[in-house]
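> output the structure for:
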Amino acid sequence: MRMRPLMTSGVLLAVCAATPAFASAVSEVASFRFTAVVKTVCRLEFANMAAPQANDVVDLGQLTQLCNSRAGYRVTMVHPTNMGGATLMLDGRSIPLSDGNETVIVDENRPKLQVSDAALYLNDSDTQLSSLSFRIEPKGAIY
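The predicted model follows:
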């Protein structure tokens with residue numbers, strides 16, 4: 001009768017001794033995925049804007065664009081009509097203004113934070129620069 005309990009504890013000892021070897025053979029790779037929905041935020045800010053100069057150049061300073069929309073965003077400049085001869089320089093890229101009162105100056109297809117130097121070249125435009133505004137609009141779903 002004594003033999004049976006000894007035999008059982010011997011089998012348990014063998015299983016316990018084999019477990020660490022088996023555990024070290026198993027891969028320790030794990031993955032974690034976190035998904036969240038955040039509020040859509042789109043902002044435009046100008047820094048260091050200067051008054052118009054005599055040489056028909058308006059230094060708009062630095063334009064900061066921030067938009068976290070997955071589908072991207074669009075920045076529109078609202079200006080007086082008939083400014084077709086004027087151009088906006090944005091980081092060295094020349095954007096001609098439309099003859100209407102709005103010109104799309106940025107059209108991005110992904111979220112982005114961008115800081116750009118901006119200047120408006122009136123190019124002897126006869127139109128009086130009475131007002132100038134900018135708006136940023138997210139594309140796609142808004143949360």
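
> could you use CA atoms for every contact and neighbour count after this?
OK.

> the helix or strand harbouring residue 65 packs against which elements?
Taking DSSP states H and E as the criterion, residue 65 maps to strand 57-67. Helices and strands touching strand 57-67, as assessed by 3 or more CA pairs under 8 Å, 6 or more residues apart in numbering; DSSP states H and E, comprise strand 42-47, strand 112-121.

> please, where are all the helices along the protein?
3-25 (DSSP state H).

> which residues of it score low on pLDDT?
1-27, 51-54, 125-126 (pLDDT under 70).

> apply 90 and report the result again.
Where the chain drops to pLDDT under 90, the residues are 1-38, 48-58, 81-85, 122-131, 143.

> need the residue closest to the centroid of it.
Central residue of the chain (CA atoms, centre = their mean): residue 112, 2.1 Å from the mean position.

> which strand residues bridge that one?
Per DSSP bridges, residues listed as beta-bridge partners of residue 112: residue 67.

> tell me the spacing between residue 67 and residue 105.
Per CA to CA, to the nearest Å, residue 67 is found 15 Å from residue 105.

> so for the two, which residue has more residues nearby?
Between residue 67 and residue 105, counted using other CA atoms under 10 Å, the more crowded position is residue 67 (24 against 17).

> alright, calling it a day.
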